[in-house]
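1. Next one to model:
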Amino acid sequence: MAHFQPGAPGLPVETLDGIVPAGAPEMARIARALAERNDEVEHRFIGLRKLMEVTNRVNPGALLDEAMELVHDSFGRVLPYERVGLALLDDRGENLVARWVKSSLPLKLAPGYSTPLRKTTLGGLMESGEVRILNDLALHLVERHTSEHTRLMLQEGMRASLALPLAVSGRAFGFLFFATTQPNAYTVEQAATLRLLGHSLGALLSKAHIYEMVLKAQQESDRLLRNVLPEPIVRRLKAGEDVIADGIPEATVVFVDIVNFVRMSSSLTPAAVIIVLNRIFSAFDALCEQYGVEKIKTIGDAYMLATGVPNPMPDHTAVAARIALDMQELGTRLGTREEGRISFRIGIHTGPVIAGVIGTQKFSYDLWGDTVNIASRLEAHGAPGRIHVSRVVYERLRDDFEFESRGRTALKGMGEMETFFLNGARPGADLRGPQRWRSGAAAALLSSDAPLGADRRRTD
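-> Numbers count the residues shown, from 1 in each chain. Predicted structure coming up:
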């Protein structure tokens, strides 16, 4: 039985039974190389998974990239090509997505390009497993004038192509493409060679692709964990610790509250409330990241952070003071721009805390103890635009920072305590780079011309 492919006038692509493949010795060498790489993929996968335990800078697609480099470098003696590409079916099996391409010419059809399978002539090939020869891409485009991927290939300078359906255990998952700038370059014998290697190619590329998806899923899971938990805690959870509860001898806790936010939010739409909170808290997150301190949580319009947890920090009290001063200045500048509508009230206390993870489905890293409660009360009993601190904080920082005594203050549930307002750093104090908010999200918040929640006022 003869089968004529579009774009290859006069060239019969017969069923491959009985056809002796070209380059048999070379084909045997390629088969051995593919088998060896197939065995290596398992070990490389295990190694990458272990590497992911200590770093998130792992390329999940490395195994597939390496396999395709092998394919690209191996077939030069049996096939003519300037371009090799791999396209994979998406999760729904509806679209072909270019996953890997290497060419000696500038690319037009690059990785990420997607086309519906039903709009191509490849669907039938997937079912039959036949290798498709197109020895005249220009003629194929005339006959299939809507074929955008063929148009792009021609723009790259390609004139002929060879397509191998990839399958494993009878399940098709993509195509391997070879293309050349020479028309009428491919023969039935070359197609036979490629098809006989189809099982080995399918097994290798399928395994590498599956491992890529597993590594991506693990990377995404780790990313989500790191969004809600400190890095050291993520490592301990992944190492198998069931209960994470630490007694921290000393840390500094900071609470920040947006003054009169409830009253302000009553004049905003729900969307504007979220936008305002997100912009302010994102700026706070950027400060925490830049100072290397841990955001603990947000509670309504309040923000809680801590220094010295989960890892010890010798100058945790001073770092807390510096970040609080940056937040205060951010609030002052926002208040000026927002006509007095925005200001922050901040409370700081230093002491022992209990730190741990709660939850089994939704994890949360939190702190408990009197230190937390006192910091919260200092914020609540503070003043708009001021940083309210305990005597412990004052004693630690009075040589490098300026304070104003507030006398004895009654803190709900805590009784009377001597407290102070932190006013700023003393001239000449070595604060090692405070006010880093001038870069990142905090700076972006200030540089925006639009007021917070602009054009989202309630009209009812």
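2. number of nearby residues for P106?
-> 9 (other Cβ atoms under 10 Å). To be clear about C-beta, it is placed using only N, CA and C from the backbone, and glycine gets the same treatment.
3. Report the contact partners of it.
-> E156 (Cβ atoms under 8 Å, 6 or more residues apart in numbering).
4. Report the secondary structure state of it.
-> Following DSSP: H, G, I helix; E, B strand; the rest coil, we place P106 in the coil state.
5. State the distance from it to Y113.
-> With distances taken as Cβ to Cβ, to the nearest Å, P106 is found 14 Å from Y113.
6. How about G174?
-> For G174, the distance to Y113 - Cβ to Cβ - is 13 Å.
7. G385 now?
-> On the measure of Cβ to Cβ, G385 and Y113 end up 54 Å apart.
8. more crowded one of these two?
-> Y113 (18 against 15).
9. Spatially, and excluding backbone neighbours, which residue is closest to the more buried one.
-> Spatial nearest neighbour of Y113, chain neighbours left out: A98 (4.3 Å); criterion: Cβ to Cβ, 6 or more residues apart in numbering.
10. so is that neighbour in a helix, a strand, or just coil?
-> Looking at A98 with three-state DSSP, the answer is strand.
11. low pLDDT regions in the stretch 251-400 of the chain?
-> Low-confidence segments of the stretch 251-400 of the chain (pLDDT under 70): 335-340.
12. can you map out the strands along it?
-> Remark: strands assigned in the stretch 251-400 of the chain by DSSP state E, counting those that start in this stretch are 294-299, 302-307, 344-358, 364-368, 387-390.
13. For the residue nearest to Y113, which residues are in contact?
-> By Cβ under 8 Å, 6+ apart, the residues touching A98 are G85, L86, A87, L109, A110, P111, G112, Y113, S114.
14. Ramachandran coordinates for the third one?
-> To tie it back to what came earlier, the one meant is A87. Here is the backbone geometry of A87 (degrees, to the nearest 10): phi -120, psi 130.
15. Surely it and R99 touch.
-> Yes: counting by Cβ atoms under 8 Å, R99 is a contact partner of A87 at 6.5 Å.
16. Find the residues that touch each one of the two.
-> G174.
17. Between those two, which is the more surrounded one?
-> A87 (26 against 20).
18. And the more buried one, how far from L96?
-> Counting by Cβ to Cβ, the gap from A87 to L96 is 4 Å.
19. Now do the shared contacts for those two.
-> G174, F175.
20. what's the longest helix in the protein?
-> When the chain is parsed with DSSP state H, its longest helix is helix 198-228.
21. gap between the very next helix or strand once past that helix and the chain center?
-> As assigned by DSSP states H and E, the chain's next helix or strand after helix 198-228 is helix 231-238. Centre-to-centre, helix 231-238 and its host chain are 18 Å apart (Cα atoms, centre = their mean, to the nearest Å).
22. Using CSV, write out the CA atom coordinates for helix 231-238.
-> Listed next in CSV are the C-alpha coordinates belonging to helix 231-238 (Å, rounded to 0.1, in the frame of the first residue of the first chain):
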residue,chain,number,x,y,z
GLU,A,231,12.6,28.9,54.4
PRO,A,232,14.2,27.0,57.3
ILE,A,233,10.7,25.8,58.4
VAL,A,234,10.0,24.5,54.9
ARG,A,235,13.2,22.5,55.0
ARG,A,236,12.3,21.0,58.4
LEU,A,237,8.8,20.1,57.2
LYS,A,238,10.2,18.4,54.1
